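J.: Here's my sequence, what's the structure:
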Amino acid sequence: LRRACQASLDRLGLDVLPLYLHHRPDPRVPFEESMGGLKDLHDEGLVQRVGISNVDTARIRIAHRVLGSALVAVQNEYSPRERKSEPEIDLCADLGLAFLSWGPLGGMRQAKDLGSACSSFADVAAARGVSPQRVSLAWQLHRSASIIPIPGASRPESILDSLAAADLELTPEELDLLK
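T.: Presented below is the predicted three-dimensional model:
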């Protein structure tokens with residue numbers, strides 16, 4: 001962790017990393033030990049804040065206990081197709097952590113097929129005259145104030161469509177349909 005952190009600092013030309021994300025737990029190292037290593041980097045002033053990724057509620061609780069207020073974010077996959085992180089979203093809300101949803105449109109290769117794969121999202125989108133992708137992002141923003149979707153985009157139109165999701169107010173009936 002220390003070598004990777006130092007390499008990031010060097011590449012970015014920074015003295016401190018504003019947010020350092022631990023992306024994948026190492027199965028050869030106890031998770032609590034990895035969190036202790038991140039706590040050391042924080043205490044030494046090399047990282048301001050810490051995020052963890054690809055974790056369940058048990059690991060979030062361990063990280064929160066070890067890192068305290070240095071832990072600010074959890075990054076897990078979450079989309080209309082991939083909803084297994086519901087408990088983690090709720091725990092993040094309870095602990096005051098940001099939940100960064102990666103793959104919020106189902107992944108880059110599957111994003112364009114979101115409407116055909118998730119008909120309720122296509123139905124709401126058609127009724128509103130917007131894309132199913134916009135509905136997906138708006139649905140996540142309505143799901144919890146802790147969620148920050150991180151969609152990828154390769155076209156300016158996709159970026160603008162994603163931004164417009166922040167202004168799409170879904171009705172309670174639409175939200176029920178999207179459950």
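
J.: Which stretches in this structure count as helices?
T.: When assigned using DSSP state H, the helices of the chain occupy the ranges 2-12, 31-43, 57-67, 86-95, 114-117, 119-128, 132-143, 156-164, 172-177.

J.: deepest of those helices, which one?
T.: helix 132-143 (a mean of 24; mean count of other CB atoms under 10 Å). No exception for glycine: its C-beta is placed from N, CA and C like everyone else's.

J.: Provide the contact partners of the lowest-mean-pLDDT helix or strand in the chain at residue level.
T.: Lowest on mean pLDDT, DSSP states H and E among the helices and strands of the chain sits helix 114-117, with a mean of 76. Identification of contacts with helix 114-117 by CB atoms under 8 Å, 6 or more residues apart in numbering yields 80-81, 105-106, 110, 121-122, 125, 131-133, 136.

J.: Compute the first-to-last residue distance for stretch 15-27.
T.: End-to-end distance for stretch 15-27, by CA to CA, to the nearest Å: 30 Å.

J.: Report the rounded mean pLDDT for it.
T.: Averaged across stretch 15-27, the pLDDT comes to 94.

J.: Any chance you could list what contacts it?
T.: Stretch 15-27 has contacts (CB under 8 Å, 6+ apart) with 1, 5, 8-9, 31, 34-35, 38, 41, 45-55, 59, 72-73, 75.

J.: again, only this time at 6 Å
T.: If you take CB atoms under 6 Å, 6 or more residues apart in numbering as the criterion, stretch 15-27 is touched by 31, 45, 47-54.

J.: between those, which is closest to residue 98?
T.: Residue 98 has its nearest neighbour among the contacts of stretch 15-27 in residue 51, at 7.8 Å by CB to CB.

J.: Tell me which residues touch the closest one, please.
T.: Going by CB under 6 Å, 6+ apart, residue 51 touches 19, 21, 73, 75.

J.: Could you list the low-confidence segments of this structure?
T.: 108-109 (pLDDT under 70).

J.: same thing but at 90, please
T.: For the chain, applying pLDDT under 90 flags the ranges 24-26, 81, 103-119, 151-159, 161-162, 179.

J.: looking at the protein, which residue lies furthest from center?
T.: residue 127 (27.9 Å; CA atoms, centre = their mean).

J.: Could you report the separation of that one from residue 135?
T.: Residue 127 is 10 Å from residue 135, where distance means CB to CB, to the nearest Å.

J.: In the protein, which residue is most central in space?
T.: residue 100 (1.6 Å).
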